[in-house]
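Participant: missing the sequence, but the structure's below:
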């Protein structure tokens, strides 16, 4: 059989990319109102009681409020349909929000650490009873807010960023309550600064995680838990596949992995069947439904004047110059080579 050329580009995905408009916004708004009201009260009490731990908690609650407001704005932007030059829409507004939340946690932790060290050296007089009562009420408020956000879709890095803010604030209030009790019963004023350092450690952990995860998405890294090498070798081991190259795996936004690849099929092979098989593998085994596969027979990268002769013989080796600029490793049955 002669004169057959088959270049197939397939794009399979579920089209279910819109941000859910359900309860997420309602839960976020409820937490925002509660936090804002309590924060105003806590700032006043913190200055009256001369408690850095309370003031730090109030500052953290301010970032909580900002993080939730950012999350709400980002959700609205991400829900807008794709148009113009934004072919994915504004879905990564949510990742920008998550990264901003992580950065604010890190910056705030640096400032609080500096203030806490100063107070360890020269501790001011702290009203332990007032600190204890305020911190315990803060625990209740943050428990309610944590529950609100736990009801939202935490698979979104955007919502997870706001949740981490609230969760570290909850732990911070617990530490502050313990510090207030210690100051009240023993007079050990440094307990307030030590509680602040505990909060700082929690903020550093949460902030680092958010910045790292959002950075992975912006740098087009493969989703956590997906090994591109193993995935490429798996695809290359599929029947009739000779080679897989230009394999790219990234995330459009939280929970929306995407993949593109160039697949070479043996002469005489069924490109359509191979494409369907590969998309089924990606969907069922890797959860990747947004896949763009360019499927060609070996030799179809030659000039348009060349004629490809198909045969049912042994699987051929693809030419060494199959692609002038191959990005990443070339995957073939039995392993890959650079």
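Facilitator: Looks like it arrived, so ask away. Everything quoted here is computed from the prediction, not taken from an experiment.
Participant: where does pLDDT dip in the protein?
Facilitator: 1-23, 53, 56-57, 60, 126, 300-328, 335-338 (pLDDT under 70).
Participant: and residue 252, what are its phi and psi?
Facilitator: Main-chain torsions, residue 252, degrees, to the nearest 10: phi -70, psi -50.
Participant: residues touching it, list them.
Facilitator: Residue 252 is in contact with 17, 88, 91, 92, 258, 290, counting by Cβ atoms under 8 Å, 6 or more residues apart in numbering. For the C-beta atoms, the positions are set from N, CA and C on the backbone; glycine is no exception.
Participant: and the furthest pair within those residues?
Facilitator: Farthest apart among those by Cβ to Cβ are 92 and 290. That separation is 14.4 Å.
Participant: which stretch of helix or strand covers residue 223?
Facilitator: Under DSSP states H and E, no helix or strand contains residue 223.
Participant: now do residue 64 against residue 193, distance only.
Facilitator: Separation of residue 64 from residue 193 (Cβ to Cβ, to the nearest Å): 22 Å.
Participant: next: residue 87.
Facilitator: From residue 87 to residue 193 the distance is 51 Å (Cβ to Cβ).
Participant: more neighbours, those two?
Facilitator: The neighbour comparison of residue 87 against residue 193 (other Cβ atoms under 10 Å) goes to residue 193, with 26 against 7.
Participant: quick check: closest non-adjacent residue to residue 330.
Facilitator: residue 245 (4.6 Å; Cβ to Cβ, 6 or more residues apart in numbering).
Participant: now the one you found. Its backbone dihedrals?
Facilitator: Taking degrees, to the nearest 10 as the convention, residue 245 sits at phi -140, psi 180.
Participant: ok, now the one 4 residues further on?
Facilitator: Comment: the main-chain dihedrals of residue 249 come out as phi -130, psi 130, following degrees, to the nearest 10.
Participant: I'd like to know how many residues surround it.
Facilitator: Residues near residue 249, counting by other Cβ under 10 Å: 22.
Participant: for it, which non-adjacent residue is spatially closest?
Facilitator: Residue 249's closest residue in space is residue 222 (Cβ to Cβ, 6+ apart), at 4.3 Å.
Participant: measure residue 235 to residue 293 for me?
Facilitator: 9 Å.
Participant: hey, what's in contact with both of the two?
Facilitator: What both residue 235 and residue 293 touch, as defined by Cβ under 8 Å, 6+ apart, is the set 261, 263, 278.
Participant: wait, doesn't residue 244 sit right on residue 265?
Facilitator: No: using Cβ atoms under 8 Å, residue 244 is not in contact with residue 265, being 10.3 Å away.
Participant: for residue 218, give me its contacts.
Facilitator: 92, 95, 99.
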